[in-house]
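Trainee: After the sequence you'll find the predicted model.
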There are 2 protein chains.
Amino acid sequence: MTQKLSDRKRKILKAVVDEYILSPIPVSSSEIKNKYFADISSATIRVELATLEDMGYLIQPHTSAGRIPSSRAYRFYVKNFIGKKSLRKNEMLIIDESFQKKYTDIEDIVRASVKVISDITNYTSVIVIDNINDVLIKEIKLVGLEAHTALLIIITDSGIIKDHVIQLNNIISPNFLSDANILLNRVFAGSILGDLSINTIIIENELNEFKELLGYVVEIIKSYSFGNENSVFIEGQKKMLDYPDATLEQAKRALNVLENKELLADIFSGQADDLEFSIRVGKHETCGLEKCAIMTARYRVNGKEVGTAGVIGPERMDYSKVMSVLSYVGKAVGTFIKNEFSDEEER
Amino acid sequence: MTQKLSDRKRKILKAVVDEYILSPIPVSSSEIKNKYFADISSATIRVELATLEDMGYLIQPHTSAGRIPSSRAYRFYVKNFIGKKSLRKNEMLIIDESFQKKYTDIEDIVRASVKVISDITNYTSVIVIDNINDVLIKEIKLVGLEAHTALLIIITDSGIIKDHVIQLNNIISPNFLSDANILLNRVFAGSILGDLSINTIIIENELNEFKELLGYVVEIIKSYSFGNENSVFIEGQKKMLDYPDATLEQAKRALNVLENKELLADIFSGQADDLEFSIRVGKHETCGLEKCAIMTARYRVNGKEVGTAGVIGPERMDYSKVMSVLSYVGKAVGTFIKNEFSDEEER
DNA sequence: AACTAGCACTCATATCGCATGACTGCTAAC
DNA sequence: GTTAGCAGTCATGCGATATGAGTGCTAGTT
């Protein structure tokens, strides 16, 4: 069914997409002739365009208009023509600088990443942290703060540190603390966040004194292993409004999607499992992002994949640039983490 | 200059504003007659309207249109006619429920507040936490996590607990920790976040071993005492697009303002110092929120004022409802905190 | 002096027709 | 296979016209 495209057809298709990305007005045959094919006539190009339209790559908004690429054309384009292009020096500088600070928390790093990606690409950027089911709990600490208040600190193998203030009915005495710390580590240390059913059973057998505490801890750990909305980071929502073809209605719908973090998590996670990048153009009918392209890459911290970073933009987005930015930020985060969390020498 | 309004003028002005808030189309004399003044003729009302227009309270978009309220009219309206109105049962329920969970952190409480305010009012909601210059540091704890990683916990008098992961070059030994804890509390405990100049000097005199640590701590505390962007919480940005008169351009400008957290902090803080509520209509020329009204109330946690909560909406917003919501949420947060952080009996 | 009926006037909005011009598709010749 | 040339299509813009909502004003009434 899908025939191979001739070389000239490929060139013409690329020309249409390039032009349309440059400025989103339907591309005419003469425009293509002038800028790309001085040697053949516009009539010939028209014939080719007509075939490309028949094949589903191009769309004519109306009879006397030029052609615009279909989602299919973008997919072809993405598959065949794009690759990283090097960023401008000052762009690289900005990225580097945004990781210059001493970050203390993985959340801060993610926030910085999502922000810089959006800033440089000028598209809405999203990072979804995976359900961290396969993360190992290295250690748990309980620190007393006030009579009934304590801080629970969870340290995982990938350097992710999370803490929660909790309120207990018991008076939190030094004895209680030291017992609790021993107990917590006996129960949870070395286990994987994923399977809590076992732990839940264990609780039943423990002393009454610690039941409340253990209940909280299980609840907290659970909230990490299920996709909770804290694990979706967005930046630059309003850039969705900048697509020149956006009407207010569409914009509202798109922003609605962005507020639905569960949906976003669905869209972003489970992508690009083996590939470095995943690009989807169109085909988001289900979720209200009809005319969008989504480009994602795995997001690694400390060498470990922790989530998916990506960009939502118009189909006519600057794919190469986005790809480069995602790649460069990924590298910056990688080396940054290395310096922070481990003791290897600087490169 | 500003003459007292006759009773009938006040009634008519209120009618115009009420009608316009109900649905934003210019209000005609006959409409007012039908709904509010069965006993006088539309011609008479027209005369009154003309005077009100001369006085600057009303605007005629064009000759053959009805009148719409000016910012001045809204201000008059707000000053004279509004008060809390009781919320619907299910609205109160939603608010109560959103504070049902065991919150652990002041940030969580604020996030829940700003979200529920936006949800119920259907306007963009903002909470700005004050520069907490006058907060007392009750205690500081340093907990070792890994060889070079520690968690710094700051406990303040109002139950606000903040923590930060920090990386040190020193190996964090038990000895180092206990010395550091004593040192930190000697230097910082009991002092007010506001004046750090003294502390900065103190550092100079300390042992080399702790210089790095103390430097971080000062830096962290500083980041709280200056208005940092973490202290601005926003929810429901996209609701700005729902004002029926909003064009895409205006919407973009407004959303731009929302992304500028420093500006937002400026707009919101320093308001309503003694008043329970502050309402500003129009007069935001400087900041790109020309046609907006902003209503704010002091935001209290644990009885202590910690910031300002408010709503940004169209001039024709439902002032009474917003006022009620702010008030009700304030009460909910108050009682919630009471139960959580102190030991007084339930009411 | 306040009110009101009635009429003339204004002006935003909608609709229609028409001219324009940017492109295309097609045909016939190369 | 390519191309010149021409007829056909259709979005866009503009002006003219009709409509009607709503006012301001005047003159007469209470």
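Mentor: Cool, got the structure. Computed from a predicted model, the values in this text were never measured in an experiment.

Trainee: what about the helix or strand harbouring A:Glu219, average pLDDT?
Mentor: Counting by DSSP states H and E, the secondary-structure element that holds A:Glu219 is helix A:208-225. Mean pLDDT, computed over helix A:208-225, is 80.

Trainee: Off-centre distance for it?
Mentor: 30 Å (CA atoms, centre = their mean, to the nearest Å).

Trainee: Report all helices and strands that it contacts.
Mentor: Secondary-structure packing of helix A:208-225 (3 or more CB pairs under 8 Å, 6 or more residues apart in numbering or on different chains; DSSP states H and E): strand A:137-146, strand A:149-156, strand A:161-167, helix A:174-188, helix A:197-204. Every C-beta, even on glycine, is put in place using the N, C-alpha and C of the backbone.

Trainee: The very next helix or strand once past that helix near chain B at all?
Mentor: Scanning forward in sequence from helix A:208-225, with DSSP H and E defining helices and strands, the next element found is strand A:232-235. No - between strand A:232-235 and chain B, judged by CB under 8 Å from any CB of the partner chain, nothing touches; the nearest distance is 9.4 Å.

Trainee: Distance of the residue of the stretch 51-200 of chain A found nearest DNA strand C relative to A:Val47?
Mentor: Of all residues in the stretch 51-200 of chain A, the one sitting closest to DNA strand C is A:Ser64 (3.0 Å; CB to the nearest atom of the strand). Using CB to CB, to the nearest Å, one gets 17 Å for the distance from A:Ser64 to A:Val47.

Trainee: rewinding a little: mean neighbour count added to the helices and strands packed on helix A:208-225, as CSV?
Mentor: Formatted as CSV, the entries for the helices and strands packed on helix A:208-225 read as follows, by neighbours: other CB atoms under 10 Å in any protein chain shown:
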stretch, mean neighbour count
strand A:137-146, 19
strand A:149-156, 21
strand A:161-167, 20
helix A:174-188, 16
helix A:197-204, 11
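
Trainee: Compare those and report which one is nearest to B:Ile21.
Mentor: Across those, the minimum distance to B:Ile21, taken as CB to CB, is reached by strand A:161-167, at 42.3 Å.

Trainee: Pull the helix holding A:Glu219 out as CSV, backbone CA atoms only.
Mentor: This file holds the C-alpha atoms of helix A:208-225, laid out as CSV (Å, rounded to 0.1, in the frame of the first residue of the first chain):
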residue,chain,number,x,y,z
ASN,A,208,0.9,-1.7,69.5
GLU,A,209,3.2,1.1,70.4
PHE,A,210,4.5,1.3,66.8
LYS,A,211,1.4,0.5,64.9
GLU,A,212,0.5,4.1,64.3
LEU,A,213,4.0,4.9,63.1
LEU,A,214,4.2,1.9,60.8
GLY,A,215,0.8,2.8,59.4
TYR,A,216,2.0,6.2,58.4
VAL,A,217,5.2,4.9,56.9
VAL,A,218,3.4,2.4,54.8
GLU,A,219,1.0,5.1,53.7
ILE,A,220,3.9,7.4,52.7
ILE,A,221,5.8,4.7,50.8
LYS,A,222,2.6,3.8,49.1
SER,A,223,2.1,7.3,47.9
TYR,A,224,5.4,7.1,46.1
SER,A,225,4.9,3.8,44.5
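
Trainee: Now that helix: buried residues?
Mentor: Neighbour-count burial for helix A:208-225, counted by 16 or more other CB atoms under 10 Å in any protein chain shown, picks out A:Phe210, A:Leu213, A:Leu214, A:Tyr216, A:Val217, A:Val218, A:Ile220, A:Ile221, A:Tyr224, A:Ser225.

Trainee: What of stretch A:13-25?
Mentor: By neighbour count with 16+ other CB under 10 Å, stretch A:13-25 contains the buried residues A:Leu13, A:Lys14, A:Ala15, A:Val16, A:Val17, A:Asp18, A:Glu19, A:Tyr20, A:Ile21.

Trainee: wait, isn't the fifth one in contact with A:Pro69?
Mentor: Yes - in this structure, A:Val17 is within contact of A:Pro69 by CB atoms under 8 Å, at 4.9 Å.

Trainee: From one end of stretch A:88-107 to the other, what's the distance?
Mentor: Stretch A:88-107 has an end-to-end distance of 28 Å (criterion: CA to CA, to the nearest Å).

Trainee: okay, the buried residues of stretch A:13-25 in JSON lines with pLDDT next?
Mentor: What follows is the buried residues of stretch A:13-25, written out as JSON lines (pLDDT from 0 to 100):
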{"residue": "A:Leu13", "pLDDT": "96"}
{"residue": "A:Lys14", "pLDDT": "96"}
{"residue": "A:Ala15", "pLDDT": "96"}
{"residue": "A:Val16", "pLDDT": "96"}
{"residue": "A:Val17", "pLDDT": "96"}
{"residue": "A:Asp18", "pLDDT": "95"}
{"residue": "A:Glu19", "pLDDT": "95"}
{"residue": "A:Tyr20", "pLDDT": "94"}
{"residue": "A:Ile21", "pLDDT": "92"}
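
Trainee: ok, so of the residues you listed, who is nearest B:Ser29?
Mentor: Using CB to CB, A:Tyr20 is the member of these that lies nearest B:Ser29, at 53.0 Å.

Trainee: and A:Tyr20, that one's in a helix?
Mentor: Yes - with DSSP: H, G, I helix; E, B strand; the rest coil as the criterion, A:Tyr20 is located in a helix.

Trainee: ok, it - contacts?
Mentor: In this structure, A:Tyr20 makes contact with A:Pro26, A:Val27, A:Ile68, A:Pro69, A:Arg316, judged by CB atoms under 8 Å, 6 or more residues apart in numbering or on different chains.

Trainee: Return the distance of the fourth one relative to chain B.
Mentor: The reference is to A:Pro69. Separation of A:Pro69 from chain B (CB to the nearest CB, to the nearest Å) stands at 24 Å.
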